[in-house]
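>>> Need coordinates for the below:
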Amino acid sequence: MKMKWLKMYQLLKITGLMRPCTSNLSRYPVYLMLCLFCNLTVAQSTFKIVGYYSLAAALKNPDTKSFKYLTHINLAFLNPDSTGNFIRDLTPIKSFIDKAHKHKIQVLFSIGGGSKQPQYHWLLQNDHRAGFIQNLVTEVLKYNLDGIDVDLEGGDITEFYEAFVLELAVALRSHQKLITAAVAIYYKNQFTDTTLNTYDFVNIMSYDRTGPWRPEKPGPHATFTHAVEDLRYFGQERKMMKGKMCLGVPFYGYGYGPDLSSKAISLSFDKIAGTYPGSELVDEWLLPDGKILYYNGIPTMVQKTKLANEQASGIMIWQVLGDAKGKNSLLKSVYKTIH
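Numbering: from 1, shown residues only. Predicted coordinates for the structure are as follows:
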């Protein structure tokens, strides 16, 4: 018993909750604070393969062959209306979730996304947060999901983000549900240590260092070097445990040129590998119109998977439906590298 409480003390110290509390979480009794951490997956023996999956596609009950390779699915995206309510009927998704559970896959709703979601600026404020959290948990329980993935980015990470995450974690863990997040080095100063360590694990978006929104800066957006830098930052500088980090990889690429004034393009890996034989074995491809495509081919994906196995505890994919079929599948390459 003494060792159990010692470990709990160490967890609280790591997450910063032994420091004075500056959020309104101080109103919670001690047992709720302990509830935040009693279900932490600090060290997981199973290598995670997390795939973001379009919520719209999942509602149509698509091909689920990828299920044999995944451990987690994040359904992107479930976002509320301006009042914090979820009015869409998602009943058709139950068959998708049931199939995933039969494959022992944990399925989470992902909230937010790369596009601006201004409603969160209001919903995360002190007067509205509790009701919104209750609505989120209700959706999870209604459709028998396994948790929530928080993918609030950029300007949507407000001063209330930490309090939201801590309170959502309490609510979800009272039902034995997960809370995860998508994070990136380019938002690094917006995440507190307490917030990062509250998550069961985080998916590090090691991609989009550039893109069509920056046509004046063409080039690779998700190199192996970027992956090394991102894991070093979160693992060493932010002192996150290996078991709480997944390395994010892209199943898509960006094309630029032939001139800086030319419109940049985005292509799924399925489209790249299916259109240009041999492109699956490299990370760049010259198109007939003079554009250069930058992406991750199979050798780089294998290299990143080995890195993730050494320094993290999984791979996260944006997004599963962008994968190529058959021998060109990046997902199969990830799986075979581990198994």
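>>> What's the local residue count around the closest residue to residue 218 other than its chain neighbours?
Distances taken as C-beta to C-beta, 6 or more residues apart in numbering place residue 256 nearest to residue 218, at 3.3 Å, with adjacent residues excluded. Any C-beta I mention is one placed from the backbone N, CA and C, and that applies to glycine too. For residue 256, the count of nearby residues is 24 (other C-beta atoms under 10 Å).
>>> Residue numbering should commence at 242 henceforth.
In the new numbering, first residue 242, that becomes residue 497.
>>> which ones are touching residue 497?
Residue 497 makes contacts with 456, 459-460, 503, 505, 532-533, 535, as judged by C-beta atoms under 8 Å, 6 or more residues apart in numbering.
>>> Secondary structure of residue 511: a helix, I assume?
Yes. Assignment of residue 511 by DSSP: H, G, I helix; E, B strand; the rest coil places it within a helix.
>>> Mind pulling up the pLDDT for it?
Listed pLDDT for residue 511 reads 98.
>>> Check residue 422 too.
98.
>>> what's the answer for residue 271, then?
According to the prediction, residue 271 has pLDDT 45.
>>> Would you confirm that residue 293 contacts residue 315?
Yes. Between residue 293 and residue 315 a contact is recorded at 4.8 Å, counting by C-beta atoms under 8 Å.
>>> residues shared between the contacts of the two?
Residues touching both residue 293 and residue 315 (C-beta under 8 Å, 6+ apart) are residue 351.
>>> which residues of this structure fall in helices?
Secondary structure of the chain by DSSP state H: the helices cover 243-256, 271-279, 296-300, 335-343, 360-364, 370-383, 402-414, 434-439, 465-473, 510-516, 539-552, 571-579.
>>> If we go by neighbour counts, what in the last one is buried?
Taking 16 or more other C-beta atoms under 10 Å as the basis for neighbour counts, the residues of helix 571-579 that come out buried are 571-576, 578-579.
>>> what about this protein, any weak spots by pLDDT?
Scanning the chain for pLDDT under 70 picks out 242-286.
>>> so residue 371 makes contact with residue 408?
Yes. The criterion here is C-beta under 8 Å, and residue 371 meets it with residue 408 at 7.2 Å.
>>> Those two: which is more packed in?
Neighbour tally, residue 371 and residue 408, criterion other C-beta under 10 Å: the higher count belongs to residue 408, 22 against 12.
>>> could you measure that one against residue 439, distance?
Computed as C-beta to C-beta, to the nearest Å, the residue 408 to residue 439 distance reads 10 Å.
>>> give me phi/psi at the residue nearest to residue 471 when sequence neighbours are not counted?
Closest residue in space to residue 471, ignoring its immediate chain neighbours: residue 447 at 4.4 Å, by C-beta to C-beta, 6+ apart. Main-chain torsions, residue 447, degrees, to the nearest 10: phi -90, psi 60.
>>> Over to residue 304?
Per-residue torsions, residue 304: phi -60, psi 130 (degrees, to the nearest 10).
>>> Give me the contact list for stretch 331-350.
296, 299-302, 305, 308-309, 311-316, 319, 377, 380-381, 384-390, 419, 421.
>>> likewise stretch 446-460?
Contacts for stretch 446-460 (C-beta under 8 Å, 6+ apart): 423-426, 461-464, 467-468, 471-472, 488-491, 495, 497-498, 501-507, 533, 535, 557, 559.
>>> Quick one, which of those are buried?
Among those, the ones that count as buried by 16+ other C-beta under 10 Å are 423-426, 461-464, 467-468, 471-472, 488-491, 495, 497-498, 505, 533, 535, 557, 559.
>>> which ones among those are found in strands?
Mapping those onto strands (DSSP state E) picks out 423-424, 488-491, 495, 497, 533, 535, 557, 559.
>>> JSON lines for those, including distance to residue 335?
JSON lines is the format used below for these (distance: C-beta to C-beta, whole Å):
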{"residue": "423", "distance to residue 335": "25"}
{"residue": "424", "distance to residue 335": "30"}
{"residue": "488", "distance to residue 335": "31"}
{"residue": "489", "distance to residue 335": "28"}
{"residue": "490", "distance to residue 335": "29"}
{"residue": "491", "distance to residue 335": "30"}
{"residue": "495", "distance to residue 335": "36"}
{"residue": "497", "distance to residue 335": "42"}
{"residue": "533", "distance to residue 335": "44"}
{"residue": "535", "distance to residue 335": "39"}
{"residue": "557", "distance to residue 335": "25"}
{"residue": "559", "distance to residue 335": "25"}
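>>> and those, which two are the farthest apart?
Taking C-beta to C-beta, the two most distant members of these are 424 and 533; they sit 29.2 Å apart.
>>> Pull out the buried positions in stretch 369-388.
For stretch 369-388, burial by neighbour count (16+ other C-beta under 10 Å) applies to 370, 373-374, 377-378, 380-381, 384, 386-388.
>>> For residue 460, give its distance to residue 309.
The value you get for residue 460 to residue 309, if C-beta to C-beta is used, is 35 Å.
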